[in-house]
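>>> Just to be clear, the model below is a prediction. Sequence and coordinates:
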Amino acid sequence: MLKKLNSLSILAILTAVMVVWMLITIYQTEDTSDDFSLLFPELFEQLDDVDRITFKSEQDEFTLNNDGNSWVIADYYNYSADESLIRRMLVDMADARILEQKTDDPELYPVLGVEGTEVEGSSSFEIKLFNDEQVIAGLILGQARDLSSESAGPQQYYIRRIGDERSYLAEGYFQLSPMMLNWIDGQIMDIARERIARVDIIQPSGETATLVNLGQKDKFGTPEDREKTIFRYEQLGYDIAGSLFQLRLEDVQPVDDFSRGDAEVVRAEFLTYDGLRVIAETSFNDGFYFSTFQAEFAPDAVTQVPEAIASLDVLKTPEQVQAEVDEINQQVKPWVYRLGGFVGNNLMRAKADMVTEQDQVIPMPSGFGP
């Protein structure tokens, strides 16, 4: 019995030693000399030639295309992609450096996560950069190396270049999301709150809630009560006037593919002191707010600009406003945007939901406000 136990113990020890030795073999460097060479040595010179990027993982598969003017997401209605994010990714890939050589044994790839997406259950993430049909660079991103200390600097990943059997430990800023929606340009428009002169929110019945700038930065009220306006909560006027400031989407779809059904549509008109009018039409469908937008140039709608607003240096010339109108319409007219509840609710507010009596004001937590 004792001999049997000893045999089992020896077998277990040998098995453990073999596993440890295998892991050491996989993770240890194949070359004792430091490399620190660029992962893609020629990529910096080729970045301007990249016109297509493909992403493939177990989570998602999608393509970004450059039509010569801008980047779009081919698999999401050709909607605009976040170009700053793409530029940063391309530069980061070109700047990534090899730290160590690793295994070239395909049977050991799964330990590092560099087996590729063709393997069932793979955790790999593949990125390919194209010029027309030619692959400029291809990367299989594997597991991150667990660094003991938290750092905001470069990350370390086990990687493999597509077409290369050798795997590596590489260092770089690998800002490469495997999810398509993370590459969308989420900003719809950005109209500074300081430019807003008036907001009219018009219900289907014709009832209108109006908000006006009081001639000072971030100060708004109703035309009737002005400084004496009592909003439902203290900064509501500020929030409504700022609805178009860095306005972001939650989702988007082509306007021709969308139906509001029987949902009521509320029209909100934002007029700036320099003559920009933005019209939002919003409905509440199946628990979500959906809006369409258009812009107009209305140079005669505002007759006087308060000195306090003019001194802020945020207003535009008529030529700049007309160009802004054209740019906004080109971007937003083909689309229906799903908005967050905070903005969506403010774009549909009736007057009874905007102003109230003093004893009905909703108190705001400390630290909130303009």
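Perfect, thanks for sending it.

>>> Extract the C-alpha trace of stretch 240-250 and format it as PDB.
Only the C-alpha atoms of stretch 240-250 are listed here, as PDB (Å, rounded to 0.1, in the frame of the first residue of the first chain):
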ATOM      1  CA  ILE A 240     -32.200  72.500 -21.300                       C
ATOM      2  CA  ALA A 241     -30.200  75.200 -23.000                       C
ATOM      3  CA  GLY A 242     -27.200  72.900 -23.000                       C
ATOM      4  CA  SER A 243     -29.000  70.000 -24.600                       C
ATOM      5  CA  LEU A 244     -26.900  70.400 -27.800                       C
ATOM      6  CA  PHE A 245     -23.600  70.900 -26.100                       C
ATOM      7  CA  GLN A 246     -21.500  67.800 -26.800                       C
ATOM      8  CA  LEU A 247     -24.700  65.900 -27.600                       C
ATOM      9  CA  ARG A 248     -24.000  62.200 -27.900                       C
ATOM     10  CA  LEU A 249     -25.900  59.300 -29.200                       C
ATOM     11  CA  GLU A 250     -26.700  55.900 -27.600                       C
END
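
>>> If you count neighbours, what's buried in that stretch?
I240, A241, G242, S243, L244, F245, L247, L249, E250 (16 or more other Cβ atoms under 10 Å). Where C-beta positions appear, they are placed from N, C-alpha and C, glycine not excepted.

>>> From F270, how far off is the residue nearest to the third one when sequence neighbours are not counted?
Among residues not flanking G242 along the chain, R193 sits closest, at 4.1 Å (Cβ to Cβ, 6 or more residues apart in numbering). Between R193 and F270 the distance is 10 Å, computed by Cβ to Cβ, to the nearest Å.

>>> Quick check: P110 touching V119?
Yes. Using Cβ atoms under 8 Å, P110 makes contact with V119 at a distance of 7.3 Å.

>>> Where does the prediction get shaky in the stretch 51-200 of the chain?
For the stretch 51-200 of the chain, the stretches with pLDDT under 70 are 147-152.

>>> re the thing from before, pull up the overlap in contacts between R193 and F270.
Residues touching both R193 and F270 by Cβ atoms under 8 Å, 6 or more residues apart in numbering: A241.

>>> quick one on the thing from earlier: the residue nearest to G242: neighbour count?
For R193, the count of nearby residues is 20 (other Cβ atoms under 10 Å).

>>> next one: A197
Other residues near A197 come to 22 when the count uses other Cβ under 10 Å.

>>> show me what contacts the residue nearest to N66 when sequence neighbours are not counted?
Of all residues not flanking N66 in the chain, D51 sits nearest, at 4.5 Å (Cβ to Cβ, 6+ apart). Residues near D51 by Cβ under 8 Å, 6+ apart: N65, N66, G68, F130, N131, D132.

>>> do Q246 as well
Contacts of Q246 by Cβ under 8 Å, 6+ apart are Q187, D190.

>>> what pLDDT does L211 get?
Looking at L211, its pLDDT is 97.

>>> rewinding a little: for P110 and V119, indicate the residue with more neighbours.
Remark: of P110 and V119, P110 carries more neighbours, 17 against 12, as counted by other Cβ under 10 Å.

>>> Surely the more buried one is within a helix?
Yes. Under DSSP: H, G, I helix; E, B strand; the rest coil, P110 sits within a helix.

>>> Return the residues in contact with it.
Taking Cβ under 8 Å, 6+ apart, we find P110 in contact with V119, S122.

>>> which stretches of the stretch 101-250 of the chain form helices?
Secondary structure of the stretch 101-250 of the chain, counting by DSSP state H, counting those that start in this stretch: helices at 109-112, 236-241.
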